[in-house]
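Colleague: I'll drop the sequence and a predicted model, then ask my questions.
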There are 2 protein chains.
Amino acid sequence: MINGNNLIGFSESALGERTYKTFNPRMNSENEWKFTEATSGEIDRAVSLAQDAFTVYAEMSGKKRADFLEAIANEILELGDEVIEVYMKESGLPEGRALGERGRTVGQLRAFAVLIRNESWRNLKIDEGNPSRTPTSKPDLRMTSVPLGPVVVFGASNFPFAFSTAGGDTASALAAGCPVIVKSHPMHAGTNELISRAIVKAAKQTGMPEGVFSSLNSSGIEVGQQLVMHPGIFAVGFTGSHRGGRALYNLASSREVPIPVFAEMGSINPVIISEEALKERSEEVAVQLANSITLGVGQFCTNPGLIIAIGSEALTQWIQKLTLEAEKIAPQPMLHPAIYDAFKSGSEEMTGTAGAQKVAAYSSEEGISSGAVLATVSGREFIQNSRLHDEVFGPYSLVVECEDAFELKAVIRSLQGQLTGTLIAESGEPGLKEIVKELQQKVGRIIWNGVPTGVEVSPAMTHGGPYPASTDSRFTAVGTRSISRWVRPFSYQDFPNELLPVYLA
Amino acid sequence: MINGNNLIGFSESALGERTYKTFNPRMNSENEWKFTEATSGEIDRAVSLAQDAFTVYAEMSGKKRADFLEAIANEILELGDEVIEVYMKESGLPEGRALGERGRTVGQLRAFAVLIRNESWRNLKIDEGNPSRTPTSKPDLRMTSVPLGPVVVFGASNFPFAFSTAGGDTASALAAGCPVIVKSHPMHAGTNELISRAIVKAAKQTGMPEGVFSSLNSSGIEVGQQLVMHPGIFAVGFTGSHRGGRALYNLASSREVPIPVFAEMGSINPVIISEEALKERSEEVAVQLANSITLGVGQFCTNPGLIIAIGSEALTQWIQKLTLEAEKIAPQPMLHPAIYDAFKSGSEEMTGTAGAQKVAAYSSEEGISSGAVLATVSGREFIQNSRLHDEVFGPYSLVVECEDAFELKAVIRSLQGQLTGTLIAESGEPGLKEIVKELQQKVGRIIWNGVPTGVEVSPAMTHGGPYPASTDSRFTAVGTRSISRWVRPFSYQDFPNELLPVYLA
């Protein structure tokens, strides 16, 4: 049952006076539940409990924390149909997507549980001493990783399960030994409440300290700001817009004690199509990209928002094919009226004042549905006009037609940092190494003959990239390596065994 | 021969009109050489060359970069006595220290050369695909680490070799594949010039691209600011004061494209002495700490600036012993009049308006020499007065006398982030685990029955810690793991072997 409460430690609390509701994109109307904004006092209480919890939780064995993560996964599954229904009511996304995303979320939690049952994730290093070294004896040094402290997680509008309450940021921070306070996403506060309750239930079941997890509601920015500025908070995870991520980064950097912010802020994910691929696989590539552009109504941070190719008759024909394929895909509701409005005005600006040429219009039905919007522009115009480089969140993609290979390289060089780059080409074509080298400097992941959407949860995944794709390209937000965002190296020098952690003695 | 030039790529340049000199602390007078401040144009030229060099250098094999690092080590040794003499003239430090520090610097370069001959430092991860996985095929993912781009290094006043021009920041960044621009330290610009010339010589010898290294002179802050704000710079390494490090961090965070700053800013390095140790080893511990406090005239970021113990007759006697031992150690010149003045006013403020009680005065000779300044304060006063928590750079240490174990714990909890914590105690004493646990939350390295000075170059070393010890506790500035500051993860998805780096194919 959803009652709109904040979950603070093991209690529920709704002391505030301001309330808000979530929105049903398929019905184009508000959902029934009323959520209560967290107050300053509730924020302080959640942080204070998290600090207390940290002193116990950080010291727990990996095995115990792993049991907790697995219990969360099980409790999420125990929520059954209810949470799937609430997810659909709050996001407008179809049931298949909800089930798939739940599977991903549960899978992530279990992957981190497996990771931390063995302490090798801590990057252990033992360098034995040598008392007889001259001129000075060599100390014994043993290095491990220790958790930073309580972490605040801001979930994403477009992934109510996998990048939100119990998503990758929360799973990796809890795995690392950091208590988590989730600032629930206002668009899916109901989904958050059910998932949060599952986490709290799992915490009680497995004997975790109160405060290891809290969830605070807010439809505005104040609660998030107060959390990020709180001296009891040691790091921040965020998935969302550049504007939101940068604001949190600026705030965290301005603190008396600055804290790290890992903000994954999306990108336009350039796809480069070679001349040979256009000749050999024109149809196939058009279908592939039309599907990728419209997948999830384009509401993915890895959505292919930019297609780069050398202009030719083949390209012109391909753009027509892409348009036809895209128009075959029925419009679907976007996540929220605000996202729909931003998509509409953003794509209209691109094809209006910003100067791109529209080649396929979105065929909007009633409500907040949209199909693809495609546009073209010359390489030169693209390079000269930085506005065309901005992300339009939704099923929008811009085809950049370059004069030649030199201009194509210049277009890549003009790009900002990206999560991904994709190269669609034929094996053995000349010039590919050069393109890979140029792309590599701009992106965190490069895909060969595929699409950027679909981010595998893998120990070898990089989901991050040079700014503005993320605020710190030295980390990934997806995959087990994302745990390194929340820990710091720590060394014991000449320590007796009885005072070392068992795994270092 | 020192001519005061900037070294920009493979050329020398002195286009500016402003000049400055370094200072000889032993003679208490200026040195003869005149250094020319870099101009805006020279800065742009160095960055532009570094950007060009990056496209080549980042792609070079580890073996080639390792040859370069080893050639630097050899060329530094080839400088022979001249650079040792200049070092001594610019720092006032004795010959033994100069030779030891040169050995450390050369050793660091060689350690990084060994590290990068094998590509495993890149944290490689191969996760093979599975085309028949349902519902979606599993992609093949191969993860490596790639260099960020050109890096700016600001050296430390107190380590003209090991934390400066060819020190740990430069060695680790060059090892990672990042070109380096050193903003030379104004107090040892001559030492920098000779070392820089050795690096350029090594670069030419080993076929490195021009711009892989440059050195720019400045006695003010503008050159450093311009470098940190330059869009062609991708990361910053700094060793020095909190004020300087924080200013660079703020600047880098304010950029349109923020860049990471690893600033190691020193700390007061608490030493906790147990009641049993005071009983059993009073004399020994007093000698050990008197030596550590005055080592290098206290000018180490790991200098023990804080000693914490429970008040007792034994402690009172120990403080007298410490005072006697400290007074036995002859005053030595500090690095620079500005550092001497800051030490004098800082230690006087601590024992004056800030309220600590002086127990041993520095016995200043002529010039800028100093011996130890020791003071005491109660635990309660220490907790209440944040000024007493500030670092006084030099041979100053404050003994905090606590009422009991509870107050001792409260004193530890009141501390800011530290590079190190030291526990001097007897094996098996009760309460040690609790102290270790509390200390761990504040420090990057914890030492058992030793002193914090002396930072071993080891793969298991953490030289960093919670702010303000460093701006990002997730990294270390010493040891081979420090290379991770300058790289980001990067993944290839479904890539054909011919386009993969050889070590991933």
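Modeller: Received the coordinates, thanks.
Colleague: CA only for contacts and neighbour counts going forward, please
Modeller: Will do.
Colleague: Give me the neighbour count for the residue in the stretch 201-350 of chain A positioned nearest to chain B.
Modeller: Relative to chain B, the nearest point of the stretch 201-350 of chain A is residue A:257 (6.2 Å; Cα to the nearest Cα). Number of residues near residue A:257 (other Cα atoms under 10 Å in any protein chain shown) recorded here: 16.
Colleague: Who are the contact partners of it?
Modeller: For residue A:257, the residues meeting the contact criterion (Cα atoms under 8 Å, 6 or more residues apart in numbering or on different chains) are A:231, B:467-468.
Colleague: Dump those into a markdown table; add neighbour count and pLDDT as well.
Modeller: As requested, the contacts of residue A:257 are arranged in a markdown table below (neighbours: other Cα atoms under 10 Å in any protein chain shown; pLDDT from 0 to 100):
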| residue | neighbour count | pLDDT |
| --- | --- | --- |
| A:231 | 14 | 98 |
| B:467 | 25 | 98 |
| B:468 | 25 | 98 |
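Colleague: and of the residues you listed, the nearest to residue B:196?
Modeller: Distance to residue B:196, by Cα to Cα, is smallest for residue B:468 among the contacts of residue A:257, at 30.1 Å.
Colleague: Pretty sure that closest one sits against residue B:416.
Modeller: Yes: Residue B:468 lies in contact with residue B:416 (Cα atoms under 8 Å); the separation is 6.9 Å.
Colleague: SS state for residue A:416?
Modeller: coil (DSSP: H, G, I helix; E, B strand; the rest coil).
Colleague: Which parts of the stretch 51-200 of chain A are strands?
Modeller: Counting by DSSP state E, counting those that start in this stretch, one finds strands in the stretch 51-200 of chain A at the ranges A:125-127, A:141-147, A:151-154, A:180-183.
Colleague: for the second one, packing partners?
Modeller: Going back to what we said before, that points to strand A:141-147. strand A:125-127, strand A:487-493 (3 or more Cα pairs under 8 Å, 6 or more residues apart in numbering or on different chains; DSSP states H and E).
Colleague: Please list the residues of the stretch 251-400 of chain A that sit near chain B.
Modeller: Counting by Cα under 8 Å from any Cα of the partner chain, the stretch 251-400 of chain A comes close to chain B at A:253-254, A:257-260.
Colleague: from the residues you listed, which two are the most distant?
Modeller: Greatest spacing in those, by Cα to Cα: A:254 and A:260 (11.2 Å).
Colleague: related to what we said a few turns ago, of the strands of the stretch 51-200 of chain A, which approaches residue B:18 most closely?
Modeller: With Cα to Cα as the criterion, residue B:18 lies closest to strand A:141-147 of the strands of the stretch 51-200 of chain A, at 46.6 Å.
Colleague: who touches that closest one?
Modeller: Outside strand A:141-147, the residues that touch it by Cα under 8 Å, 6+ apart are A:58, A:122-129, A:176-178, A:486-494, A:504, B:458, B:460-462.
Colleague: Are any of those buried, and if so which?
Modeller: Using 16 or more other Cα atoms under 10 Å in any protein chain shown as the burial test, these include A:58, A:122, A:124-127, A:176-178, A:486-494, B:458, B:460-462 as buried.
Colleague: Write the PyMOL selection for whichever of the residues of the stretch 251-400 of chain A next to chain B are buried.
Modeller: Buried subset of these, written as a PyMOL selection, criterion 16+ other Cα under 10 Å:
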select buried, chain A and resi 253+254+257+258+259+260
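Colleague: So which elements touch the worst-scoring helix or strand of chain A on mean pLDDT?
Modeller: One helix or strand of chain A scores below all others by mean pLDDT, DSSP states H and E: strand A:357-360, with a mean of 88. Counting by 3+ Cα pairs under 8 Å, 6+ apart, the packing neighbours recorded for strand A:357-360 are helix A:313-328, strand A:373-378.
Colleague: about what we covered before: closest to residue A:421 out of the helices and strands packed on strand A:141-147?
Modeller: Of all the helices and strands packed on strand A:141-147, strand A:487-493 sits nearest to residue A:421, with 28.9 Å by Cα to Cα.
Colleague: what's in contact with the closest one?
Modeller: Strand A:487-493 is contacted from outside by A:139-148, A:176, A:500, B:443-448, B:460-462, B:465, B:473-476, using Cα under 8 Å, 6+ apart.
Colleague: mind redoing it with 6 Å?
Modeller: A:140-148, B:444-447, B:462, B:473-474 (Cα atoms under 6 Å, 6 or more residues apart in numbering or on different chains).
Colleague: what lines up beside that strand in the sheet?
Modeller: With DSSP bridges as the test, strand A:487-493 is paired with strand A:141-147 (antiparallel), strand B:443-448 (parallel).
Colleague: Could I have the CA atoms of that strand written out in PDB?
Modeller: Only the C-alpha atoms of strand A:487-493 are listed here, as PDB (Å, rounded to 0.1, in the frame of the first residue of the first chain):
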ATOM      1  CA  VAL A 487      35.600   3.600  -1.600                       C
ATOM      2  CA  ARG A 488      39.100   5.000  -0.900                       C
ATOM      3  CA  PRO A 489      42.400   3.200  -0.600                       C
ATOM      4  CA  PHE A 490      43.700   2.700   3.000                       C
ATOM      5  CA  SER A 491      47.000   1.300   4.100                       C
ATOM      6  CA  TYR A 492      48.100  -0.400   7.400                       C
ATOM      7  CA  GLN A 493      51.800   0.100   8.100                       C
END
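Colleague: mean confidence score for that strand?
Modeller: Across strand A:487-493, the average pLDDT comes to 98.
Colleague: quick one on the thing from earlier: of the strands of the stretch 51-200 of chain A, which is nearest residue A:381?
Modeller: For those, proximity to residue A:381 was assessed by Cα to Cα; strand A:151-154 is nearest, at 36.3 Å.
Colleague: which residue is nearest the centroid of chain A?
Modeller: Nearest residue to the geometric centre of chain A (Cα atoms, centre = their mean): residue A:239, 4.4 Å.
Colleague: Wait, residue A:180 touches residue A:148, no?
Modeller: No: look at residue A:180 against residue A:148 with Cα atoms under 6 Å: they stay out of range, at 11.4 Å.
Colleague: out of the two, which sits in the more crowded spot?
Modeller: Taking other Cα under 10 Å, residue A:180 and residue A:148 do not tie; residue A:180 has more neighbours (31 against 27).
Colleague: which ones are touching that one?
Modeller: Taking Cα under 6 Å, 6+ apart as the criterion, residue A:180 is in contact with A:150-152, A:213.
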